[in-house]
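Engineer: can't give you the sequence, but here's the structure:
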């Protein structure tokens, strides 16, 4: 969320191209300009005072003059400086959009530290740093000749960031679930019951049932822990791909689009595609786990 003019605005990619919303924002800024609102406010006040104190022609003339000044300021800002104000508004939206994206990773980093998951917190910080450096570099290279190539890379960087955020969120969700499982106690009880089953001191049927139940929970814990670690590794791969693309592009004088495998954008797109496919597989896995868990309750 971003604030401007005392209001909270949800910034999205669509807002950058919403002509009606941009027009309204520019119009409101013109209306709220002190060069518009102050002369009009003073003109209104003088008209009231003129009526109250019988200032006559001079009062009316001064009010009309101030009203004309306020209206002229609005017309000048709206129709002469309007394009400049629109560009400034779009630039402000872009800054807020970038801040919102950084905030998403900062929020994950904070949450991970709170739940005792420093590996994910570190990865969120590093991914945020890699994303910020690469996108800021690309924006400095944007121009008429490089626009399409820069746009392609910015889109890939955003896809990498989104995939990384989703990976870290899923890893955090799994870590939180694992924290609620007393794995040490499960393993200890499983070992005790297995030894007890060997001695034959208790009912073997009951012990076998307990052992199987614990084995299922231990196996599920190990599966989830493995998936959590996989998500962290994939997020790290996205971060590394962003850093590699940044270092490669920083040394290139030409960022033109091409299909060669040596193109940093091509390599980054391969990593992003693999991450998005892994994200889909992970969602299916977690959904299966939830269904199996609910079935056993």
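Structural biologist: Now that the structure is in, tell me what you want to look at. This structure is a prediction, so every number in the text was calculated from the model and none was measured.
Engineer: from here on, just use CA atoms for contacts and neighbour counts.
Structural biologist: Noted.
Engineer: tell me how far the residue positioned nearest the centre of the chain lies from residue 95.
Structural biologist: Centroid check for the chain by Cα atoms, centre = their mean gives residue 101 as the closest residue, at 3.1 Å. Shown here: residue 101 relative to residue 95, a distance of 10 Å by Cα to Cα, to the nearest Å.
Engineer: would you map the helices across the stretch 151-297 of the chain?
Structural biologist: Along the stretch 151-297 of the chain, the segments classed as helices by DSSP state H, counting those that start in this stretch run 183-199, 204-250, 264-296.
Engineer: confidence-wise, which of those helices is weakest overall?
Structural biologist: Mean pLDDT values for the helices of the stretch 151-297 of the chain show the minimum at helix 264-296, a mean of 70.
Engineer: let's have the helices of the stretch 151-297 of the chain in TSV, adding mean neighbour count and distance to residue 33.
Structural biologist: Shown next, in TSV, are the helices of the stretch 151-297 of the chain (neighbours: other Cα atoms under 10 Å; distance: least, Cα to Cα, whole Å):
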stretch	mean neighbour count	distance to residue 33
helix 183-199	14	63
helix 204-250	18	41
helix 264-296	15	44
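Engineer: out of those helices, which gets nearest to residue 124?
Structural biologist: For these, distance to residue 124 was read as Cα to Cα. The smallest value, 8.4 Å, belongs to helix 204-250.
Engineer: packing partners of that closest one?
Structural biologist: helix 118-141, helix 147-179, helix 183-199, helix 264-296 (3 or more Cα pairs under 8 Å, 6 or more residues apart in numbering; DSSP states H and E).
Engineer: tell me how far the residue nearest to the centre of the chain lies from residue 223.
Structural biologist: In this view, residue 101 and residue 223 are 31 Å apart by Cα to Cα.
Engineer: what of residue 231?
Structural biologist: From residue 231 to residue 223 the distance is 12 Å (Cα to Cα).
Engineer: count of neighbours near residue 149?
Structural biologist: The number of residues packed around residue 149, counting by other Cα atoms under 10 Å, is 20.
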